[in-house]
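Participant: 3D, please:
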Amino acid sequence: MDRLEEIRLSGNTIGVEAAESLAAALKAKSTLKRALLSDIFTGRLLSEIPQALKALCDAFEENPLIELDLSDNAFGPAGAAPLIDFLSNTKTLQILRLNNNGLGIGGGTMIAKALQAWADKAKAENRVSTLHTVICGRNRLEDGSAPSLGLAFAAHGTLKEVRMPQNGIRPSGIAQLVKGLRVCEHLEHLDLQDNTFTAKGGKALAKSISSWPKLQVLNVGDCLLSKRGGLALADALNRGHNTGLTHLHLQYNEIRADAIQVLAEAVRQHLKELKHLELNGNQFDPEMREAQALIDALAVWSHESALDDLDDMEEVDSEEEDDEEDETDEEDELVQKAEANEKKEPLVGRGDSKVEDELVSQLEKTHI
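Facilitator: You can find the predicted model right below:
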């Protein structure tokens, strides 16, 4: 075990005493690179988890860790605090996985501040950040944590992969996130599925996408881009800044035929690497010329099978087609629709709201 490089404890249940014993053993492992600790607190009291996490994270400060996975541990916002010292002081971490932890606004903001402190220290020491992957989906981050996360992403500037699906982030938060990511010119994979963009978020993404010439995967499915947002994104792709795109997920976004026509031109002129395209559940007729133009464009690059089945399309009634409501009214309607859908979904850590409120209050006074 002298050259231990990876520990995998996923699916176990670890209490405070076991975590402290494990931490004591790991401190001496100067070769440890990966700690894969998803789903390790099943059946544990919420009050136990922060102490156990703190012991482990303190040990990781002694290791040259490059990957930390704490996904599927429902520790809520209280579980973010034990990560602060490690994330603020690491000089080696490359991959951070915090998926489905119920962090909430308070926990998400705390993680963002720790990432910011890490980036600030690297800059002060004239080091380039090592961080390139952040996976933080299903955490109810919402708009409240988006400003801090956007600033932290920009401060690092090294991100290649960001996955933040199902976080209840609204148009303003989306705009702040993608603005921060503009600095990350090496971004290859962006997944913001099942958040709420509307035209505002779609236009912000369209404005940012030219900053990512190495982008390969873009997943903004189930994001309610809307007619205007979908068209703005199609226009941006048609400018030819993302020629390496291989996977584009745009399903269930209320995208109309005008955007499909532009997207077809983008594929024909610029997206020769596109091998997977999801457009099901949008608001255009798959039998009309725009859809055929898209299929023909994919065929130019021998990618006829790239397009998913268009078997669940949404119809646009005549009143909606003729509606000239302003963008603000449209966004309000789409946000309300998203909120109604989210109320039907079970959430992790509903009982943590009081803890989260206290964390948010504390963070207003905190300087990491």
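
Participant: low-confidence ranges, the stretch 201-350 of the chain, go.
Facilitator: 317-350 (pLDDT under 70).

Participant: can you map out the helices along it?
Facilitator: 226-237, 257-269, 289-300, 318-322, 327-342 (DSSP state H, counting those that start in this stretch).

Participant: distance of residue 292 from residue 284?
Facilitator: As judged by Cβ to Cβ, to the nearest Å, residue 292 and residue 284 stand 11 Å apart. Where C-beta positions appear, they are placed from N, C-alpha and C, glycine not excepted.

Participant: so which of those two has more stuff around it?
Facilitator: More neighbours surround residue 284 than the other of residue 292 and residue 284, with 24 against 13 (other Cβ atoms under 10 Å).

Participant: thought residue 217 was touching residue 192?
Facilitator: No - Residue 217 is beyond contact range of residue 192, at 11.4 Å (criterion: Cβ atoms under 8 Å).

Participant: neighbour count winner among the two?
Facilitator: More neighbours surround residue 192 than the other of residue 217 and residue 192, with 28 against 18 (other Cβ under 10 Å).

Participant: list the contacts of the more buried one.
Facilitator: Residues in contact with residue 192 (Cβ atoms under 8 Å, 6 or more residues apart in numbering) are 164-165, 169, 174, 177, 219-220, 223.

Participant: if we go to 10 Å?
Facilitator: Contact analysis of residue 192 by Cβ atoms under 10 Å, 6 or more residues apart in numbering lists 137, 162-167, 169, 174, 177-178, 181, 201, 205, 218-223, 249.

Participant: what of residue 156?
Facilitator: 115-116, 118-119, 122-123, 128-132, 134, 180, 183-184.

Participant: which of those count as buried?
Facilitator: 115-116, 118-119, 122, 129-132, 134, 180, 183-184 (16 or more other Cβ atoms under 10 Å).

Participant: secondary structure and pLDDT added to those, as a markdown table?
Facilitator: Output for the buried ones among the contacts of residue 156, formatted as a markdown table (DSSP: H, G, I helix; E, B strand; the rest coil; pLDDT from 0 to 100):
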| residue | secondary structure | pLDDT |
| --- | --- | --- |
| 115 | helix | 98 |
| 116 | helix | 98 |
| 118 | helix | 98 |
| 119 | helix | 98 |
| 122 | helix | 98 |
| 129 | coil | 98 |
| 130 | coil | 98 |
| 131 | coil | 98 |
| 132 | coil | 98 |
| 134 | strand | 98 |
| 180 | helix | 98 |
| 183 | coil | 98 |
| 184 | coil | 98 |
